[in-house]
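Student: Build me a model from this:
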Amino acid sequence: MMHINRQYVFSQHTFTRRKESFILLLTGLTMGLALTIVMAVCLGTVKIVPEEACRILLYKLFHLTGNDILGPISAIHTDIIWKIRLPRVLLAVIAGAGLAACGTVMQASVQNPLADPYILGIAAGASLGATFSILLTGAGAFAGLGTAFWAFVGALAACLLVLALAGIGGRLSTVKMILAGTIASALFSALASCIIYLAGNAEGIRTVTFWTMGSLAAAKWSGLALPALGVVLGCFFFLIHSRQLNILLLGEEAATTLGIDLAKVRRRNLIVTALITGLIVAACGVIGFVGLIIPHIVRGFVGSDHRRLLPASILVGALFLTWADVLARSVLASGELPIGIITALSGAPFFLYILCKSSFGFTSK
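Tutor: Numbers count the residues shown, from 1 in each chain. Now for the predicted structure:
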């Protein structure tokens, strides 16, 4: 009896230490993200010292005035930070958090460590919708929400196609979902290429070409609200269903035994993922590999419990994409690299590493 009590006390102590360590990790990631935002608005073609950047942010956010309180502030630097860099950095935070969350949920939903919105064809559908909006209808359709609207329609269409193809035969399996995602991705990518080839709008084609490689250069304050709202609500939805995601990792038979309707859960997760992906693709183009590599990196530190994995992945995804954008706009003396190139150069070797591993560490802990 005493031995059992000691084991219980030891397990409780271990659980408390893990909880404290995780809270410390989240606190560190949050503080690191805040520091990253300040540093990111300082870096670029025009270098701004962090002290002045902080004064500018305080001036704009809290309407503080007076040189005796804040110190000198350059009007040019204020415009650079507030009108150009800060919206761009915040869009990187939003997109990175959303893509990392979607990748985490997709990997659990289809029980495949290589799954993310891009592999399942959702991003290809969103890309087709946005290409259609830019080249054939004009980005100003639907009260200024044309690109976002059509990107979401395309993502939802890809989602429905994947569900329909994977459901052939009456049973929705993970293998069939991956194959259906490959079919959907090829189909929607081909249709987008066809629209680009047949369109007579040279300027629109250049815009789409640059946009398909991913870019945050067009970030504006007016364009942040919609993707931010979608990502926040979507991430909150995933977080409150994190226990269900843990059950999915146990396997189809175990999940069914525990009363989980696998088909319903997968459809719901795919639709929410389509919403988030569509909004992100509409705002900043196609940015690959974030949803693939971030969950794997974080899983190595916090384990596969989605109550810890999801919030940590959201923060790490925001950090990763923010620094990727800093590199994209700093690596060239004039101009910038599309951020999709940076993430692909980072993600491709990691993708190869995942494929070569004998064990993915993709089980519930």
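Student: average pLDDT for stretch 249-263?
Tutor: Averaging pLDDT along stretch 249-263 gives 75.
Student: first to last residue in it, what's the distance?
Tutor: 14 Å (C-alpha to C-alpha, to the nearest Å).
Student: For the residue positioned nearest the centre of the chain, which non-adjacent residue is closest in space?
Tutor: Closest to where the C-alpha atoms of the chain average out (C-alpha atoms, centre = their mean) is Leu99, at 1.5 Å. Distances taken as C-beta to C-beta, 6 or more residues apart in numbering put Val290 closest to Leu99, at 4.1 Å, once the chain neighbours are dropped. (Each C-beta comes from the backbone N, C-alpha and C, glycine too.)
Student: Residues contacting stretch 250-257, please?
Tutor: Stretch 250-257 has contacts (C-beta atoms under 8 Å, 6 or more residues apart in numbering) with Gln111, Ser173, Thr174, Ile247, Leu248, Leu258, Leu262, Ser364.
Student: cool, and stretch 39-49?
Tutor: In contact with stretch 39-49 (C-beta under 8 Å, 6+ apart) are residues 50, 53, 57, 77, 80-81, 85-86, 89, 92, 322-323, 325-326, 329-330.
Student: Restricted to helices, list those residues.
Tutor: 50, 53, 57, 77, 86, 89, 92, 322-323, 325-326, 329-330 (DSSP state H).
Student: Can you select the buried ones from the residues you listed in PyMOL?
Tutor: To isolate the buried members of the ones in helices among the contacts of stretch 39-49 in PyMOL, using 16 or more other C-beta atoms under 10 Å:
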select buried, resi 53+57+77+86+89+92+322+323+325+326+329
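Student: now, which of the ones in helices among the contacts of stretch 39-49 sits nearest Val232?
Tutor: Closest to Val232 out of these is Ala92 (15.5 Å), distances taken as C-beta to C-beta.
Student: could you measure Gly251 against Leu262, distance?
Tutor: Counting by C-beta to C-beta, to the nearest Å, the gap from Gly251 to Leu262 is 10 Å.
Student: Which of those two has more residues huddled nearby?
Tutor: Between Gly251 and Leu262, Leu262 has the larger neighbour count (other C-beta atoms under 10 Å), namely 18 against 13.
Student: That one contacts Gln244, correct?
Tutor: No. If you go by C-beta atoms under 8 Å, Leu262 and Gln244 don't touch, sitting 10.1 Å apart.
Student: circling back to that earlier point, what about the residue nearest to Leu99, distance to Asp116?
Tutor: 8 Å.
Student: which residues are common contacts for these two?
Tutor: Common neighbours of Val290 and Asp116 (C-beta under 8 Å, 6+ apart) are Leu99, Gly103.
Student: Of those two, give the one with the bigger neighbour count.
Tutor: A count of neighbours by other C-beta under 10 Å puts Val290 above the other of Val290 and Asp116, at 33 against 30.
Student: Packing partners of the helix or strand hosting Leu61?
Tutor: Assigned by DSSP states H and E, Leu61 belongs to helix 50-62. Counting contacts by 3 or more C-beta pairs under 8 Å, 6 or more residues apart in numbering; DSSP states H and E, helix 50-62 is packed against helix 2-42, helix 67-70, helix 75-79.
Student: comparing the ones you listed, which gets the lowest mean pLDDT score?
Tutor: The weakest mean pLDDT among these belongs to helix 67-70, with a mean of 53.
Student: Closest one of the contacts of stretch 250-257 to Gly129?
Tutor: Thr174 (26.1 Å).
Student: Am I right that that closest one is in contact with Val110?
Tutor: Yes. Here Thr174 reaches Val110: they are 4.5 Å apart, a contact under C-beta under 8 Å.
Student: Where in the protein is the helix or strand with the lowest mean pLDDT?
Tutor: None of the helices or strands of the chain scores lower by mean pLDDT, DSSP states H and E than helix 67-70, at a mean of 53.
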